[in-house]
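Q: The amino acid sequence is not available; the structure is as follows:
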């Protein structure tokens, strides 16, 4: 792994983009403010969670960070693809017509695939640090319960998944802040609890 000092650390940007977009959608999932239409998250999913996180992943490639580039680029792709599902002009939801059950099952499969991918990333964090381990542990279960909620059409499970998503977003913000609070810029820092190699 190389450490190219010619570009800044893209980690805090990637974590922040992931955290904020996840936080907003998760609040919708727990029915905060009685919001039932998630369309406001589309802008975030396209530009912050999607494009900005994808760029952070590309900069991680430049820094020589294989894990960071894979994670940020992939979840940038997740948010872009999720936005595509929500945008009417792409016709994804409309293609299912009035069959809401088939659409829910298709979403469940989509989310289950992301559960599997996230679990694989979780396995790759086990010798890194507590911040990353916690993030991918809770993200795996967030995706899992979102998938189960779609398969069962159970609003209680969806709310539980939303609560997990909120907690996951907070962990992602913690990771972001830990990267921002350096001895040069802050009076205090946040530990990530490095694992013993």
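A: Received the coordinates, thanks. Just so we're clear, the structure is a prediction, and the values are computed from it rather than from any experiment. Numbers count the residues shown, from 1 in each chain.

Q: Excluding residues flanking it in the chain, which one is nearest residue 85?
A: Excluding the flanking residues, the one nearest residue 85 by Cβ to Cβ, 6 or more residues apart in numbering is residue 92, at 4.7 Å. Where C-beta positions appear, they are placed from N, C-alpha and C, glycine not excepted.

Q: Residue 19 too?
A: Per Cβ to Cβ, 6+ apart, closest to residue 19 is residue 172, 3.6 Å.

Q: unless I'm mixing things up, that neighbour is touching residue 17, no?
A: No. At 9.1 Å, residue 172 and residue 17 do not qualify as touching, with contact defined as Cβ atoms under 8 Å.

Q: ok so, going back, check the gap between the residue nearest to residue 85 and residue 156 for me.
A: As judged by Cβ to Cβ, to the nearest Å, residue 92 and residue 156 stand 26 Å apart.

Q: and the two? which has more neighbours close in?
A: Each of residue 92 and residue 156 has its neighbours counted (other Cβ atoms under 10 Å); residue 92 has more, 16 against 9.

Q: from what I can see that one touches residue 82, true?
A: No. Counting by Cβ under 8 Å, residue 92 stays clear of residue 82, with 10.2 Å between them.

Q: Quick one: residues contacting residue 75.
A: The contact partners of residue 75, by Cβ atoms under 8 Å, 6 or more residues apart in numbering, come to 18, 49, 53.

Q: residues in contact with the residue nearest to residue 19?
A: Residue 172 makes contacts with 15, 16, 18, 19, 22, 135, as judged by Cβ under 8 Å, 6+ apart.

Q: How many residues are close by the third one?
A: Using other Cβ under 10 Å as the criterion, residue 18 is surrounded by 29 other residues.

Q: For it, give me the pLDDT.
A: In this model, residue 18 is scored at 98, pLDDT.

Q: so where's the protein shaky on pLDDT?
A: Applying pLDDT under 70 to the chain flags residues 1-5.

Q: quick one on the thing from earlier: would you mind naming the helix or strand containing the residue nearest to residue 85?
A: Using DSSP states H and E, residue 92 sits within no helix or strand.

Q: I'd like the distance between it and residue 11.
A: On the measure of Cβ to Cβ, residue 92 and residue 11 end up 32 Å apart.

Q: same question, residue 145
A: The gap separating residue 145 from residue 11 is 27 Å, by Cβ to Cβ.

Q: before we move on, what about residue 43?
A: In this view, residue 43 and residue 11 are 24 Å apart by Cβ to Cβ.

Q: Pick out whichever of those two has more residues nearby.
A: Of the pair residue 43 and residue 11, residue 11 is the one with more neighbours under other Cβ under 10 Å, namely 21 against 14.

Q: helix or strand for the residue nearest to the more buried one when sequence neighbours are not counted, which one?
A: Leaving aside its chain neighbours, residue 11 sits nearest to residue 179 (4.8 Å; criterion: Cβ to Cβ, 6+ apart). According to DSSP H and E, residue 179 maps onto helix 155-180.
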